[in-house]
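*Asks:* Build me a model from this:
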Amino acid sequence: MSTLIYCANSMAATPYYIDEVSLNVYSLEELSYYMLNNVYLLSTKLMNAELCNWIGRELKQPKLANELQTMVLNNSPLHIFVGHILSANGYASNKEIKDALAIIATFENKSEAERKKLRADRLMAGGKLVDAIYEYETLLSDDIAKTMPKTVEGDVYHNLGCAFAKLFFFEEACRCFDEGYKRNQNKQTLYQLLFSARCGKDKLLFEEYVSKYQVSRTDVEEVLQIVSRSTKKEDIVGFDSSINDMLYKNEDETTKETINNVISNWKQDYIKICRI
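*Replies:* Numbers count the residues shown, from 1 in each chain. Prediction:
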């Protein structure tokens, strides 16, 4: 962990090892940090006698350990077990605990594959595209991917393609949408495949996909019109004209500085969405 965490409770001499993420934790605060920041990775595997014994033995909290052990024996819901740990120390606020437990309650009965997809989808929605790409690719490479219905696997490829497209990696996006459409036969995925090929300015690849999936001329025309409308919006055309005027009609330092500032802002925006 790179974040500094103040631990008001006992520190363990021997850490508890969380196998799913290859992580050692030494306190309730660190365990709470892990749970809050990896909500979608949590499963009933966390509810085990080893963790309960570690809390009682290493953290000198026998009362809490016994309460958790009772929950394990009674097969209590995961969100109740996690909430009990989070409430046993002052690391998380009441709102953070409530939000985390609400999320856990929505997926605790789902499969591991479904939980990982939810986590990746949440990262995507939050603009953490590189993290989302890693999660989707990890999910697709895991054995658990074999347990997913083909349509769901296709949807994972679709979302992975969207993440690549948002980063302007249109070749990678095409590969993902192609794999996705093979599995889910979703027209939206097909359209995204053609959009990416068109935005990548690969006319041959575009025609290849049209032929491969026998796309109707009506659908092809609709795709081309959508791309054309998107690239000919007034604000885009106006901005393009303004930049050209600045480049070719002015040579003063103020103009150069303005252009450099625009480029710098673009770079910062791109770096932001690539942040891990």
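*Asks:* So the residue lying closest to residue 14 once chain neighbours are set aside versus residue 27, what's the distance?
*Replies:* Using Cβ to Cβ, 6 or more residues apart in numbering and skipping the chain neighbours, the partner closest in space to residue 14 is residue 58 (5.8 Å). All C-beta atoms are positioned from the backbone trio N, CA, C, and that covers glycine. Distance, residue 58 to residue 27, by Cβ to Cβ, to the nearest Å: 9 Å.
*Asks:* anything in contact with each of these two?
*Replies:* Both residue 58 and residue 27 are in contact with 10, 12, where contact means Cβ atoms under 8 Å, 6 or more residues apart in numbering.
*Asks:* And the two? Which one has more around it.
*Replies:* Each of residue 58 and residue 27 has its neighbours counted (other Cβ atoms under 10 Å); residue 27 has more, 22 against 18.
*Asks:* Wait, the more buried one touches residue 10, no?
*Replies:* Yes. Assessed by Cβ atoms under 8 Å, residue 27 is found in contact with residue 10 at 7.1 Å.
*Asks:* what touches both of these two?
*Replies:* Common neighbours of residue 27 and residue 10 (Cβ under 8 Å, 6+ apart) are residue 59.
*Asks:* any idea which helix or strand of this structure has the worst average confidence?
*Replies:* Ranked by mean pLDDT, DSSP states H and E, the helix or strand of the chain with the weakest confidence is helix 234-249, at a mean of 61.
*Asks:* give me every residue that touches residue 185.
*Replies:* 151, 154.
*Asks:* how far away is residue 182 from residue 176?
*Replies:* Distance, residue 182 to residue 176, using Cβ to Cβ: 11 Å.
*Asks:* Looking at the two, which is more packed in?
*Replies:* Each of residue 182 and residue 176 has its neighbours counted (other Cβ under 10 Å); residue 176 has more, 28 against 14.
*Asks:* could you say which helix or strand contains that one?
*Replies:* According to DSSP states H and E, residue 176 maps onto helix 170-184.
*Asks:* and what of residue 211?
*Replies:* Residue 211 belongs to helix 203-212, assigned by DSSP H and E.
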